[in-house]
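Undergrad: below are the sequence and a predicted model for it; my questions follow.
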Amino acid sequence: MWFKTKKTSPKKGGAKAAVPKHIGIIMDGNGRWAQKRGLPRTAGHKKGADTLERIIEYCDKIGVKAVTAYAFSTENWSRPKEEVDAIMDMLYNYLLQADKKFGGRNIRFRVIGDLSRFDDKFFGAIRHAEEITAGNDGIIFNIALNYGGRREIAQAASRAARDAAEGRISPEKIDEDYLAKYMYLSDCPSVDLIIRPSGEYRLSNFLLWEAAYAELWFSDTLWPDFSERDLDRAVEDFAARNRRFGGI
Ligand code: IPE
Ligand code: IPE
Ligand code: MG
(Lines give C-alpha, C1' and ligand atoms only; values in the text may rest on other atoms or scores of the structure.)
(Ligands and ions follow the chains in the order given, each with its own letter.)
Protein backbone atom coordinates (compact mmCIF):
# COMPACT_ATOMS: atom_id res chain seq x y z
CA MET A 1 0.00 0.00 0.00
CA TRP A 2 2.68 2.47 0.86
CA PHE A 3 6.18 3.00 -0.45
CA LYS A 4 4.83 2.37 -3.92
CA THR A 5 7.56 4.50 -5.38
CA LYS A 6 10.64 2.60 -6.42
CA LYS A 7 13.36 4.86 -7.69
CA THR A 8 12.19 8.44 -7.47
CA SER A 9 13.76 11.66 -8.52
CA PRO A 10 12.93 15.05 -7.01
CA LYS A 11 9.85 16.86 -8.25
CA LYS A 12 10.28 18.59 -11.56
CA GLY A 13 10.75 22.31 -11.22
CA GLY A 14 13.22 24.87 -10.02
CA ALA A 15 13.40 23.96 -6.35
CA LYS A 16 15.08 20.62 -7.06
CA ALA A 17 18.28 21.31 -5.15
CA ALA A 18 16.34 22.77 -2.24
CA VAL A 19 14.45 19.64 -1.25
CA PRO A 20 15.78 18.73 2.18
CA LYS A 21 17.81 15.53 2.13
CA HIS A 22 17.00 14.49 5.66
CA ILE A 23 13.95 15.59 7.64
CA GLY A 24 13.51 15.03 11.35
CA ILE A 25 9.92 14.97 12.56
CA ILE A 26 8.74 15.41 16.14
CA MET A 27 5.37 13.68 15.92
CA ASP A 28 3.65 15.68 18.65
CA GLY A 29 0.01 16.38 19.46
CA ASN A 30 -1.48 12.88 19.31
CA GLY A 31 -2.94 13.11 22.80
CA ARG A 32 -4.55 16.52 22.24
CA TRP A 33 -5.94 15.36 18.90
CA ALA A 34 -7.74 12.50 20.66
CA GLN A 35 -8.82 14.56 23.66
CA LYS A 36 -10.42 17.16 21.38
CA ARG A 37 -12.59 14.36 20.00
CA GLY A 38 -13.40 12.79 23.34
CA LEU A 39 -11.31 9.75 22.43
CA PRO A 40 -8.67 7.97 24.53
CA ARG A 41 -5.15 9.30 23.93
CA THR A 42 -4.19 5.98 22.37
CA ALA A 43 -6.58 6.71 19.48
CA GLY A 44 -4.39 9.72 18.75
CA HIS A 45 -1.26 7.59 18.70
CA LYS A 46 -2.91 5.19 16.28
CA LYS A 47 -3.98 7.98 13.97
CA GLY A 48 -0.50 9.50 14.29
CA ALA A 49 1.02 6.24 13.04
CA ASP A 50 -1.22 6.39 9.93
CA THR A 51 -0.10 9.96 9.34
CA LEU A 52 3.52 8.86 9.49
CA GLU A 53 2.97 6.23 6.78
CA ARG A 54 1.41 8.86 4.49
CA ILE A 55 4.14 11.40 5.14
CA ILE A 56 6.98 8.92 4.58
CA GLU A 57 5.47 7.89 1.30
CA TYR A 58 5.13 11.53 0.29
CA CYS A 59 8.71 12.37 1.34
CA ASP A 60 9.91 9.54 -0.88
CA LYS A 61 7.85 10.90 -3.74
CA ILE A 62 9.33 14.40 -3.56
CA GLY A 63 12.92 13.17 -3.33
CA VAL A 64 13.75 13.33 0.37
CA LYS A 65 16.51 10.81 1.10
CA ALA A 66 15.96 10.17 4.80
CA VAL A 67 13.32 10.78 7.45
CA THR A 68 13.82 10.36 11.17
CA ALA A 69 10.60 10.27 13.18
CA TYR A 70 10.53 10.76 16.94
CA ALA A 71 8.16 8.12 18.31
CA PHE A 72 9.18 7.75 21.96
CA SER A 73 11.63 9.75 24.03
CA THR A 74 13.82 8.75 26.97
CA GLU A 75 11.48 11.00 29.00
CA ASN A 76 8.22 9.47 27.77
CA TRP A 77 8.56 6.59 30.26
CA SER A 78 7.30 9.06 32.86
CA ARG A 79 3.79 8.85 31.39
CA PRO A 80 1.10 6.70 33.04
CA LYS A 81 1.89 3.00 32.67
CA GLU A 82 -1.25 2.31 30.63
CA GLU A 83 -0.24 4.87 28.00
CA VAL A 84 3.36 3.63 27.84
CA ASP A 85 2.14 0.04 27.52
CA ALA A 86 -0.32 0.97 24.78
CA ILE A 87 2.36 2.83 22.80
CA MET A 88 4.82 -0.07 23.19
CA ASP A 89 2.16 -2.58 22.08
CA MET A 90 1.44 -0.44 19.04
CA LEU A 91 5.11 -0.16 18.15
CA TYR A 92 5.64 -3.88 18.62
CA ASN A 93 2.67 -4.70 16.40
CA TYR A 94 3.96 -2.28 13.83
CA LEU A 95 7.32 -4.08 13.81
CA LEU A 96 5.60 -7.45 13.49
CA GLN A 97 3.96 -6.23 10.30
CA ALA A 98 7.32 -5.33 8.78
CA ASP A 99 7.23 -8.06 6.13
CA LYS A 100 3.85 -6.89 4.94
CA LYS A 101 4.63 -3.20 5.15
CA PHE A 102 8.12 -3.18 3.67
CA GLY A 103 8.10 -6.25 1.45
CA GLY A 104 8.86 -5.30 -2.15
CA ARG A 105 9.38 -1.65 -1.23
CA ASN A 106 12.64 0.18 -1.74
CA ILE A 107 12.99 1.56 1.75
CA ARG A 108 15.65 1.16 4.43
CA PHE A 109 14.04 0.92 7.83
CA ARG A 110 16.01 1.46 11.04
CA VAL A 111 15.37 2.11 14.68
CA ILE A 112 17.58 4.53 16.59
CA GLY A 113 17.73 5.18 20.31
CA ASP A 114 18.88 3.40 23.44
CA LEU A 115 17.67 -0.08 22.58
CA SER A 116 19.12 -1.69 25.73
CA ARG A 117 15.78 -1.00 27.41
CA PHE A 118 13.87 -3.43 25.17
CA ASP A 119 13.46 -7.14 25.86
CA ASP A 120 14.68 -9.86 23.48
CA LYS A 121 11.31 -10.24 21.79
CA PHE A 122 11.00 -6.54 21.01
CA PHE A 123 14.65 -6.25 20.04
CA GLY A 124 14.31 -9.26 17.73
CA ALA A 125 11.37 -7.62 15.97
CA ILE A 126 13.44 -4.46 15.48
CA ARG A 127 16.36 -6.39 14.04
CA HIS A 128 14.10 -8.41 11.74
CA ALA A 129 12.46 -5.27 10.33
CA GLU A 130 15.89 -3.73 9.78
CA GLU A 131 17.36 -6.83 8.19
CA ILE A 132 14.64 -7.34 5.61
CA THR A 133 15.16 -3.78 4.31
CA ALA A 134 18.94 -3.55 4.74
CA GLY A 135 19.75 -4.41 1.13
CA ASN A 136 17.59 -1.61 -0.31
CA ASP A 137 18.92 1.69 -1.57
CA GLY A 138 15.79 3.85 -1.36
CA ILE A 139 14.65 6.31 1.28
CA ILE A 140 15.98 5.75 4.80
CA PHE A 141 13.22 5.66 7.38
CA ASN A 142 14.47 5.90 10.96
CA ILE A 143 12.18 5.62 13.94
CA ALA A 144 13.54 7.11 17.16
CA LEU A 145 12.57 4.88 20.09
CA ASN A 146 13.66 5.45 23.65
CA TYR A 147 15.61 8.22 22.01
CA GLY A 148 17.21 11.17 23.76
CA GLY A 149 19.69 13.56 22.20
CA ARG A 150 21.60 13.82 25.47
CA ARG A 151 21.64 10.02 25.79
CA GLU A 152 23.00 9.74 22.24
CA ILE A 153 25.82 12.20 22.95
CA ALA A 154 26.60 10.59 26.31
CA GLN A 155 26.81 7.15 24.71
CA ALA A 156 29.12 8.47 22.00
CA ALA A 157 31.32 10.06 24.69
CA SER A 158 31.37 6.81 26.60
CA ARG A 159 32.49 4.85 23.56
CA ALA A 160 35.20 7.39 22.81
CA ALA A 161 36.34 7.17 26.44
CA ARG A 162 36.58 3.39 26.11
CA ASP A 163 38.62 3.76 22.93
CA ALA A 164 40.99 6.05 24.81
CA ALA A 165 41.21 3.75 27.83
CA GLU A 166 42.03 0.82 25.56
CA GLY A 167 44.67 2.79 23.69
CA ARG A 168 42.94 3.16 20.33
CA ILE A 169 43.08 6.97 20.48
CA SER A 170 44.66 9.55 22.72
CA PRO A 171 42.12 11.73 24.61
CA GLU A 172 43.31 14.97 23.01
CA LYS A 173 42.61 13.53 19.55
CA ILE A 174 38.91 13.00 20.34
CA ASP A 175 37.27 15.74 18.32
CA GLU A 176 33.89 16.46 16.68
CA ASP A 177 34.57 14.18 13.74
CA TYR A 178 35.56 11.37 16.05
CA LEU A 179 32.40 11.66 18.14
CA ALA A 180 30.25 12.08 15.02
CA LYS A 181 30.97 8.55 13.88
CA TYR A 182 29.43 7.24 17.09
CA MET A 183 26.17 9.14 16.58
CA TYR A 184 23.15 7.09 15.54
CA LEU A 185 22.72 8.87 12.19
CA SER A 186 26.38 8.96 11.18
CA ASP A 187 25.72 7.14 7.90
CA CYS A 188 22.74 9.30 6.86
CA PRO A 189 22.81 12.64 5.08
CA SER A 190 22.90 15.56 7.59
CA VAL A 191 19.54 16.44 9.07
CA ASP A 192 18.70 19.68 7.30
CA LEU A 193 15.11 20.27 8.40
CA ILE A 194 13.34 19.54 11.69
CA ILE A 195 9.57 19.77 11.73
CA ARG A 196 7.59 20.14 14.94
CA PRO A 197 3.83 20.37 14.76
CA SER A 198 1.33 20.89 17.60
CA GLY A 199 2.23 24.47 18.50
CA GLU A 200 5.21 23.64 20.72
CA TYR A 201 8.46 25.47 20.07
CA ARG A 202 11.13 23.21 21.47
CA LEU A 203 13.25 20.22 20.53
CA SER A 204 12.33 18.06 23.55
CA ASN A 205 15.73 16.32 23.44
CA PHE A 206 15.44 15.40 19.74
CA LEU A 207 18.58 15.26 17.56
CA LEU A 208 20.54 17.75 19.67
CA TRP A 209 23.84 16.98 17.95
CA GLU A 210 22.32 16.76 14.45
CA ALA A 211 20.23 19.93 14.90
CA ALA A 212 23.31 22.16 15.10
CA TYR A 213 22.66 23.63 11.65
CA ALA A 214 19.28 22.16 10.78
CA GLU A 215 16.48 24.53 9.80
CA LEU A 216 13.60 24.43 12.28
CA TRP A 217 9.97 24.57 11.16
CA PHE A 218 6.95 24.75 13.44
CA SER A 219 3.23 24.50 12.88
CA ASP A 220 0.10 24.50 15.02
CA THR A 221 -1.36 21.44 13.29
CA LEU A 222 -1.60 18.42 15.56
CA TRP A 223 0.44 15.53 14.16
CA PRO A 224 -2.52 13.23 13.31
CA ASP A 225 -3.89 16.05 11.10
CA PHE A 226 -0.54 16.75 9.43
CA SER A 227 -0.98 16.58 5.67
CA GLU A 228 1.06 16.45 2.49
CA ARG A 229 0.22 20.16 2.05
CA ASP A 230 1.76 20.92 5.45
CA LEU A 231 4.90 19.11 4.32
CA ASP A 232 4.90 21.11 1.08
CA ARG A 233 4.79 24.31 3.11
CA ALA A 234 7.69 23.17 5.28
CA VAL A 235 9.74 22.27 2.20
CA GLU A 236 8.87 25.58 0.48
CA ASP A 237 9.93 27.54 3.55
CA PHE A 238 13.10 25.48 3.74
CA ALA A 239 13.88 26.31 0.12
CA ALA A 240 13.53 30.02 0.87
CA ARG A 241 15.88 30.00 3.85
CA ASN A 242 19.38 31.36 3.57
CA ARG A 243 21.65 28.80 5.19
CA ARG A 244 24.95 30.43 6.06
CA PHE A 245 26.59 27.86 8.33
CA GLY A 246 28.44 30.65 10.07
CA GLY A 247 29.63 32.26 6.84
CA ILE A 248 28.33 35.48 5.33
C1 IPE B 1 3.37 12.58 20.73
O2 IPE B 1 2.09 12.96 21.08
C3 IPE B 1 3.59 11.10 20.87
C4 IPE B 1 4.48 10.72 21.97
C5 IPE B 1 5.16 11.53 22.72
C6 IPE B 1 4.60 9.29 22.27
P7 IPE B 1 1.72 13.30 22.57
O8 IPE B 1 1.23 12.05 23.24
O9 IPE B 1 2.82 13.98 23.27
O10 IPE B 1 0.51 14.29 22.37
P11 IPE B 1 0.18 15.59 23.23
O12 IPE B 1 1.39 16.46 23.19
O13 IPE B 1 -0.12 15.11 24.61
O14 IPE B 1 -0.98 16.18 22.55
C1 IPE C 1 8.29 14.79 22.11
O2 IPE C 1 6.99 15.03 22.49
C3 IPE C 1 8.51 13.31 22.00
C4 IPE C 1 7.85 12.65 20.88
C5 IPE C 1 7.11 13.23 19.98
C6 IPE C 1 8.09 11.25 20.78
P7 IPE C 1 6.59 15.25 24.02
O8 IPE C 1 5.13 15.45 24.05
O9 IPE C 1 7.13 14.14 24.85
O10 IPE C 1 7.39 16.57 24.38
P11 IPE C 1 7.13 17.64 25.53
O12 IPE C 1 6.93 16.88 26.81
O13 IPE C 1 5.91 18.41 25.16
O14 IPE C 1 8.34 18.51 25.53
MG1 MG D 1 3.34 15.93 23.42
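TA: Nice, thanks for sending it over. Ligands and ions are numbered 1, 2, ... in the order given.
Undergrad: now do the most centrally placed residue in the chain against Pro20, distance only.
TA: Geometric centre of the chain, nearest residue: Thr68, 1.9 Å, by CA atoms, centre = their mean. Distance from Thr68 to Pro20, counting by CB to CB, to the nearest Å: 12 Å. In this view, the C-beta of every residue, glycine as well, is placed from N, C-alpha and C.
Undergrad: in the sheet, who's paired with the closest residue to Ile26 other than its chain neighbours?
TA: Spatially, and ignoring its direct neighbours in sequence, Ile26 is nearest to Arg196 (4.3 Å; CB to CB, 6 or more residues apart in numbering). Using DSSP bridges, the bridge partners assigned to Arg196 are Phe218.
Undergrad: my guess is Arg196 contacts Ile23, does it?
TA: No. Arg196 is beyond contact range of Ile23, at 11.4 Å (criterion: CB atoms under 8 Å).
Undergrad: number of residues surrounding Lys101?
TA: Lys101 has 19 neighbours, counted by other CB atoms under 10 Å.
Undergrad: show the subsequent helix or strand relative to the longest helix seen in the chain.
TA: What stands out as the longest helix in the chain, according to DSSP state H, is helix 41-62. Per DSSP states H and E, helix 41-62 leads on to strand 66-70 as the next helix or strand towards the C-terminus.
Undergrad: can you name every helix or strand that that next one contacts?
TA: Judged by 3 or more CB pairs under 8 Å, 6 or more residues apart in numbering; DSSP states H and E, strand 66-70 is in contact with strand 22-26, helix 41-62, strand 139-144.
Undergrad: most neighbours per residue, which of the ones you listed?
TA: strand 22-26 (a mean of 26; mean count of other CB atoms under 10 Å).
Undergrad: for that strand, what does the pLDDT average out to?
TA: What strand 22-26 shows for mean pLDDT is 99.
Undergrad: what does the protein have sitting close to ligand 2?
TA: Selection of the chain residues close to ligand 2 by CB under 6 Å from any ligand atom yields Ile26, Met27, Asp28, Tyr70, Ala71, Phe72, Ser73, Asn76, Glu200, Arg202, Ser204.
Undergrad: SS state for the residue in the chain that ligand 1 sits nearest to?
TA: Nearest residue of the chain to ligand 1, counting by CB to the nearest ligand atom: Gly31, 2.8 Å away. Following DSSP: H, G, I helix; E, B strand; the rest coil, Gly31 is assigned to helix.
Undergrad: need the contact list for it.
TA: Arg41, Gly44, His45 (CB atoms under 8 Å, 6 or more residues apart in numbering).
Undergrad: ok so, going back, could I get the helices and strands packed on strand 66-70 as JSON lines with distance to ligand 1?
TA: Supplementary listing: the helices and strands packed on strand 66-70 in JSON lines, determined by distance: least, CB to the nearest ligand atom, whole Å:
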{"stretch": "strand 22-26", "distance to ligand 1": "8"}
{"stretch": "helix 41-62", "distance to ligand 1": "6"}
{"stretch": "strand 139-144", "distance to ligand 1": "11"}
